[in-house]
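1. My questions concern the predicted model and sequence given below.
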Amino acid sequence: MEVVIVPDAKAGGELIAEAMAQLLRRKPDALLGVATGSTPLPVYEALAGKVRSGAVDTARARIAQLDEYVGLPAEHPESYRSVLRREVLEPLGISMDAFMGPDGTATDVQDACEAYDRALGEAGGVDLQLLGIGTDGHIGFNEPCSSLASRTRIKTLTEQTRLDNARFFDGDIDQVPHHVITQGIGTILEARHVVLLATGEGKADAVAASVEGPVAAVCPASALQLHPHATVVVDEAAAAKLKLADYFRHTYAHKPDWQGI
Ligand SMILES: N[C@@H]1[C@@H](O)[C@H](O)[C@@H](COP(=O)(O)O)O[C@@H]1O
């Protein structure tokens, strides 16, 4: 696992957007796994800037969704499908034909989960999966004690996560669904490169537990320690509780220029 400490969220966004751009130059039809939440927005903004300036071409890029609320109509403004259309696909000029995600409106939710998990494999697998992190260490919607081998499935949200996400539902927790579909931790770990971005002091405990704590289901993001190519990008505030921060700074400052993240 590589930990990169950047000065602020904008620098983190630029670093990850450049990694995505390099991937797309090498593999124009790369499948990018994207996350929702506030944290990844600087990545999408930086990548959209590169598309506008002609530094990268997204004509053949494909996008895969990480997780979804169960029961929200697909056209609901806060369904993750709508959020990703608004924040990722439209700014990047990628059509919905190149988008894949789980069906949060399916009557048979289990079947929808299995179908999406299969579809990811049939699409050749995710090339780069971008993740945020919840204050409790969750990735996607894999709440604490999710199996580290889990596949795409239905999960029940904790009260804390519903509270955290109420800000997208007029601050009203009652509007936040209890159930979600999320790629499992085992599914996420199949991506060729996993990049987690965390910013702000609110994420410092979760980052320290994920990077320097034991691999444990109680902290789902710690599963990234098992991945052969995982990059954790953190700003100074989110890095505040890392005991090895100086070591991470030193190794990143001295790595070969050609290596990228
Ligand atoms: N399912 C999403 C996660 O993918 C995201 O990482 C998390 C943190 O969101 P934020 O980046 O807004 O803190 O929120 C939700 O739970």
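-> Perfect, thanks for sending it.

2. Let me see the contact set for residue 147.
-> 184-186, 217 (Cβ atoms under 8 Å, 6 or more residues apart in numbering). Any C-beta I mention is one placed from the backbone N, CA and C, and that applies to glycine too.

3. Spell out which residues of the protein are next to the ligand.
-> With Cβ under 6 Å from any ligand atom as the criterion, the chain meets the ligand at residues 35-39, 66-67, 132-134, 140-141, 161.

4. From those residues, which land in helices?
-> Using DSSP state H, residue 161 are the members of the residues of the chain next to the ligand that sit in helices.

5. before we move on, back to that, could you list which of the contacts of residue 147 belong to helices?
-> Reading helices off these with DSSP H, I get 185-186.

6. For the top helix by length along the chain, name the packing helices and strands.
-> Secondary structure assigned by DSSP H gives helix 9-26 as the longest helix of the chain. When contacts are defined as 3 or more Cβ pairs under 8 Å, 6 or more residues apart in numbering; DSSP states H and E, helix 9-26 packs onto strand 2-6, helix 41-53, strand 128-131, strand 193-198, strand 230-235.

7. As TSV, those with mean pLDDT would be great.
-> Formatted as TSV, the helices and strands packed on helix 9-26 follow (pLDDT from 0 to 100):
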stretch	mean pLDDT
strand 2-6	98
helix 41-53	98
strand 128-131	99
strand 193-198	98
strand 230-235	98
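
8. so can I have CSV of these showing distance to residue 92?
-> Below are those laid out as CSV (distance: least, Cβ to Cβ, whole Å):
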stretch, distance to residue 92
strand 2-6, 22
helix 41-53, 6
strand 128-131, 13
strand 193-198, 17
strand 230-235, 20
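
9. which one of the ones you listed lies closest to residue 14?
-> helix 41-53 (4.8 Å; Cβ to Cβ).

10. what about whichever residue of the stretch 51-200 of the chain sits closest to the ligand, how many neighbours?
-> Here the stretch 51-200 of the chain gets closest to the ligand at one residue, residue 132, 2.6 Å apart by Cβ to the nearest ligand atom. Residues lying near residue 132 (other Cβ atoms under 10 Å) number 22.
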